[in-house]
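Enquirer: pasting the sequence and the predicted coordinates here, then a few questions.
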Amino acid sequence: MSSPVTSSPVTSKQVSGSASGPVVRPYGDTTGDGMVQLSFTLPIPHDRRAEGAALQLAGRMGMDPAMVVHAKAMGPDFTFFVVYGRVSHLVDLDHVEVIEREYPVLGPKEVNLAIRRGLRRRLVVVGACVGTDAHTVGIDAILNVKGFAGEKGLEYYREIKVVNLGAQVAVPDLVARALAERADAILVSQVVTQRDAHIHGTQEMSAAFREAYDEADRPLLVVGGPRFAESMAAELGVDRVFGRGTTPGEVASYLVHALVPDRSVPHRSVPDRSAPTRAAYPTDATTERTA
């Protein structure tokens, strides 16, 4: 998450668009021209007045001059716009904050070897899309053998047991299955974002696991989706957040980093899965296994 853009004066050399400079402008037609493209919908019918309203909005957002390059009616009462124009804002690269990955990305053989040596059993992962979310593309890309971006999913890893519950899984059913499988980690994908459904669903899931488990025995909670920021882990009550473009190898490497004893995160220990865990939900829930 970056800090507010700066308006301090800079030289033309500094805003030339060079990646090595501390301050940059957006790039459109030529380097440093400040041109940006913006899309939005207004709740008014598509006509010339609507296009004027779109230009007024763009102007108030700092685009000058602005052009409507695309306008399309979305039913009788809404219009979708794409506006192109120049902004004067600058980005100070010295004040951009990012979360660096604190662990190396391992190959499948390295992951399997680390789990075999460190846990001396298979690492158990339970994944699902919770609540009303029916978009399984993300969770399947991480879990299924076919994988994503040329990398095979976690099912490919010999030392990882994957239980993929699929879409629209109720939170109590997810907790019950995690207890039954003695899961080491829970992977939840959330794509539906209307009215912050992804945030509320994740917080509900996190609270349920904390109610069902003692903190020392709780599985690692991992959530992913295109509208999550990695900095939201504390707000969501989870251990890790993965955003868009995450690959199976990154997730597998994080699981090793966080759960395998000789690579563990300092504040977490690996629960003894050979002992029963206190259950807040019935463990005989009938959740369909899709993997």
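Expert: Noted; the coordinates are in hand. Numbers count the residues shown, from 1 in each chain.
Enquirer: please, where are all the helices along the stretch 151-291 of the chain?
Expert: 171-181, 197-212, 233-236, 248-259 (DSSP state H, counting those that start in this stretch).
Enquirer: return the most buried member of the ones you listed.
Expert: helix 248-259 (a mean of 23; mean count of other C-beta atoms under 10 Å). Using the backbone N, CA and C atoms, a C-beta is placed for each residue, glycine as well.
Enquirer: off-centre distance for that one?
Expert: Distance of helix 248-259 from the chain centroid (C-alpha atoms, centre = their mean, to the nearest Å) equals 15 Å.
Enquirer: packing partners of it?
Expert: Other helices and strands packing on helix 248-259, by 3 or more C-beta pairs under 8 Å, 6 or more residues apart in numbering; DSSP states H and E, are helix 108-118, strand 123-128, helix 137-143, strand 185-189, strand 220-224, strand 240-242.
Enquirer: one step back: out of the helices of the stretch 151-291 of the chain, nearest to residue 188?
Expert: helix 197-212 (5.9 Å; C-beta to C-beta).
Enquirer: which other residues reach the closest one?
Expert: 130-133, 171-172, 174-175, 178-179, 186, 188, 190-192, 218-219, 221, 223, 225, 227-228, 232, 235-238, 278-281 (C-beta atoms under 8 Å, 6 or more residues apart in numbering).
Enquirer: mark which of those are buried, thanks.
Expert: The neighbour count (16 or more other C-beta atoms under 10 Å) marks 130-131, 133, 171, 174-175, 178-179, 186, 188, 190-192, 218-219, 221, 223, 225, 228, 232, 236-238, 281 as buried among the contacts of helix 197-212.
Enquirer: hang on, the earlier thing: nearest to residue 75, out of the helices of the stretch 151-291 of the chain?
Expert: Across the helices of the stretch 151-291 of the chain, closest to residue 75 is helix 197-212 (C-beta to C-beta), at 22.6 Å.
Enquirer: run through the protein and note the low-pLDDT ranges.
Expert: 1-21, 192-194, 196, 263-291 (pLDDT under 70).
Enquirer: give me the most central residue, it.
Expert: Geometric centre of the chain, nearest residue: residue 243, 2.7 Å, by C-alpha atoms, centre = their mean.
Enquirer: so who does that one touch?
Expert: Contacts of residue 243 by C-beta under 8 Å, 6+ apart are 224, 225, 226, 228, 229, 230.
Enquirer: show me what contacts the second one?
Expert: This means residue 225. 138, 189, 190, 191, 193, 198, 243, 244.
Enquirer: also the last one?
Expert: For residue 230, the contacting residues are 99, 241, 242, 243, taking C-beta under 8 Å, 6+ apart as the criterion.
Enquirer: residue 75 is nearest to which of the helices and strands packed on helix 248-259?
Expert: helix 137-143 (26.8 Å).
Enquirer: that older thread, can you lay out the contacts of residue 225 as JSON lines showing distance to residue 70?
Expert: Listed next are those as JSON lines, based on distance: C-beta to C-beta, whole Å:
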{"residue": "138", "distance to residue 70": "28"}
{"residue": "189", "distance to residue 70": "31"}
{"residue": "190", "distance to residue 70": "30"}
{"residue": "191", "distance to residue 70": "25"}
{"residue": "193", "distance to residue 70": "23"}
{"residue": "198", "distance to residue 70": "28"}
{"residue": "243", "distance to residue 70": "27"}
{"residue": "244", "distance to residue 70": "24"}
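Enquirer: now, which of these sits nearest residue 257?
Expert: Distances from residue 257 to the contacts of residue 225, taken by C-beta to C-beta, are shortest for residue 243, at 17.6 Å.
Enquirer: what separation do you get for that closest one and residue 233?
Expert: Per C-beta to C-beta, to the nearest Å, residue 243 is found 11 Å from residue 233.
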